[in-house]
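Q: Okay, here's the prediction I keep looking at, along with the sequence it came from:
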Amino acid sequence: VDENTPTQTLESRTLEAVAKLIKDGRASQIVVMTGAGISTSAGIPDFRSPDTGLYANLARLNLPQAEAVFEISYFRNNPLPFYTLAQELYPGNYRPTITHSFINLLHNKGLLLKLFTQNIDCLEREAGLPGEMIVEAHGSFARQSCIECKCPYPHDLMQKAIREKSVPHCLQDSCNGLVKPEIVFFGEQLPTQFFMNKALPAEADLCIIMGTSLSVQPFASLPQFCSEGVPRVLINQEQVGGIGSRTDDVLVLGDCDDGVRKLAEACGWLEELEEMWAKT
Ligand code: CNA
């Protein structure tokens, strides 16, 4: 839609109008959808940004193609590249960003319906958001199991393996299969939690999408489940996923920490947000 198309819900396609909607109590069931871009300022590279993204920097691992690091058939023959990467991404090495704190602030104010994240870094939990508010669509490092018999593997042994960059094997004598954190590889089913919650965006009265290229399905389809007339705000370096095509879509192109600060300021929450973040 072009600039002159009339909006349905917002007074204008701006962050200020979104803030007004929130302050007027007309947006209180907010769904947030995130990806690797909300963790780049914490120091964790995303996948697809040219030059800085992980895919651009995987050459040292000698992979046939960058994506192979998350392919189960490749992992079965050569799990080391994944474990090299896992050591980098493993929770505990990074501090949540102000964008993570913003999502937690929405929850504290009773405005968050659900966070859908593609991230596996657990930074939203570390920012204080309770697990039940989060749909980890691509799994996380919170659990690990054998890729053959699916038997769970102890967390402390996994931490040790990651630290030592060794590859853990199933503890069942008869199995000895490879163990992998329950993060979703290409071609693997998403967690049931995703399918149980994927209709939720239809109940939202505001959608905020941040730091994702919206290029991985089925996650990329989530914003389409928002009802017509429900504002969808994209805070991202680039325009993605057709956001901008509806009358109440708002594009905030640039760094997501900047965008989040602007939205918080327009809501009158900036000081509170900065204080909350300082405590993480
Ligand atoms: P992606 O495809 O790498 O896209 C990232 C998006 O964020 C791009 O559109 C960037 O332009 C944008 N971006 C990068 N930095 C910023 C910033 N500071 N401010 C605003 N926008 C920014 O990542 P997606 O999450 O969309 O792809 C899905 C994959 C990436 C999922 O399976 C994740 O598991 C996986 N991943 C996760 C992490 C993590 O957990 N932190 C890190 C790397 C990859």
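A: Looks like it arrived, so ask away.
Q: Could you spell out the sheet neighbours of the helix or strand hosting residue 208, each with its direction?
A: Residue 208 is part of strand 206-210 when elements are defined by DSSP states H and E. According to DSSP bridges, strand 206-210 forms sheet pairs with strand 30-34 (parallel), strand 232-236 (parallel).
Q: Relative to the ligand, which of the ones you listed is closest?
A: Of all the strands paired with strand 206-210, it is strand 232-236 that lies closest to the ligand, at 4.4 Å by Cβ to the nearest ligand atom. No exception for glycine: its C-beta is placed from N, CA and C like everyone else's.
Q: Could you give the average pLDDT over the closest one?
A: The average pLDDT within strand 232-236 is 98.
Q: Is it in proximity to the ligand?
A: Yes: applying Cβ under 6 Å from any ligand atom, one finds strand 232-236 touching the ligand at residue 236.
Q: Just the CA atoms of the strand holding residue 208, as PDB, please.
A: Output of strand 206-210 as PDB, limited to C-alpha atoms (Å, rounded to 0.1, in the frame of the first residue of the first chain):
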ATOM      1  CA  LEU A 206      -0.800  -5.700  18.000                       C
ATOM      2  CA  CYS A 207       2.100  -7.600  16.500                       C
ATOM      3  CA  ILE A 208       5.800  -6.500  16.800                       C
ATOM      4  CA  ILE A 209       8.300  -8.300  14.600                       C
ATOM      5  CA  MET A 210      12.000  -7.700  15.300                       C
END
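Q: near the ligand, anything from that strand?
A: No: judged by Cβ under 6 Å from any ligand atom, strand 206-210 stays clear of the ligand, getting no closer than 6.8 Å.
Q: That strand: how far from the chain's middle?
A: Mean C-alpha position of strand 206-210 versus that of the full chain (Cα atoms, centre = their mean, to the nearest Å) differs by 12 Å.
Q: So which residues make contact with that strand?
A: 18, 21-22, 27, 29-35, 37-38, 99, 201, 223, 226, 230-236, 241, 243, 256, 259-260 (Cβ atoms under 8 Å, 6 or more residues apart in numbering).
Q: Kindly recompute the last result at 7 Å.
A: 21, 27, 30-34, 37-38, 99, 201, 223, 226, 230-236, 243, 256 (Cβ atoms under 7 Å, 6 or more residues apart in numbering).
Q: Equivalent analysis for stretch 67-76, please.
A: Under Cβ under 7 Å, 6+ apart, the answer for stretch 67-76 is 58, 61, 63, 81-82, 85, 147, 178, 180, 185-188.
Q: if you look at these, which of them are in strands?
A: Among those, the ones falling in strands (DSSP state E) are residue 180.
Q: Can you select the buried ones among the contacts of stretch 67-76 for me in PyMOL?
A: Only the buried entries of those go into this PyMOL selection, using 16 or more other Cβ atoms under 10 Å:
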select buried, resi 58+63+81+82+85+147+178+180+185+188
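Q: any idea which of the contacts of stretch 67-76 is closest to residue 110?
A: Nearest to residue 110 among the contacts of stretch 67-76, counting by Cβ to Cβ, is residue 188 at 34.8 Å.
Q: That closest one: what's it in contact with?
A: residue 72.
Q: Find me the pLDDT at it, would you?
A: pLDDT at residue 188 comes out at 88.
Q: returning to that earlier point: for the strand holding residue 208, give the mean pLDDT please.
A: 98.
Q: And for stretch 141-160?
A: Stretch 141-160 comes out at a mean pLDDT of 94.
Q: Strands along the chain, start to end?
A: Using DSSP E, strands in the chain cover 30-34, 112-117, 134-136, 139-146, 179-183, 206-210, 232-236, 249-253.
Q: ok now do residue 91, which residues does it touch?
A: Residue 91 makes contacts with 121-122, 141, as judged by Cβ under 7 Å, 6+ apart.
Q: And residue 89, by the same measure?
A: Residue 89 touches 44, 120-121, counting by Cβ under 7 Å, 6+ apart.
Q: before we move on, back to that, identify whichever of the strands of the chain lies nearest to residue 49.
A: Per Cβ to Cβ, nearest to residue 49 of those: strand 232-236, 11.2 Å.
Q: just to revisit the earlier point, switch the strands paired with strand 206-210 over to TSV; also include mean neighbour count.
A: Listed next are those as TSV, based on neighbours: other Cβ atoms under 10 Å:
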stretch	mean neighbour count
strand 30-34	26
strand 232-236	26
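Q: now these in a markdown table, with distance to residue 210?
A: Formatted as a markdown table, those follow (distance: least, Cβ to Cβ, whole Å):
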| stretch | distance to residue 210 |
| --- | --- |
| strand 30-34 | 5 |
| strand 232-236 | 5 |
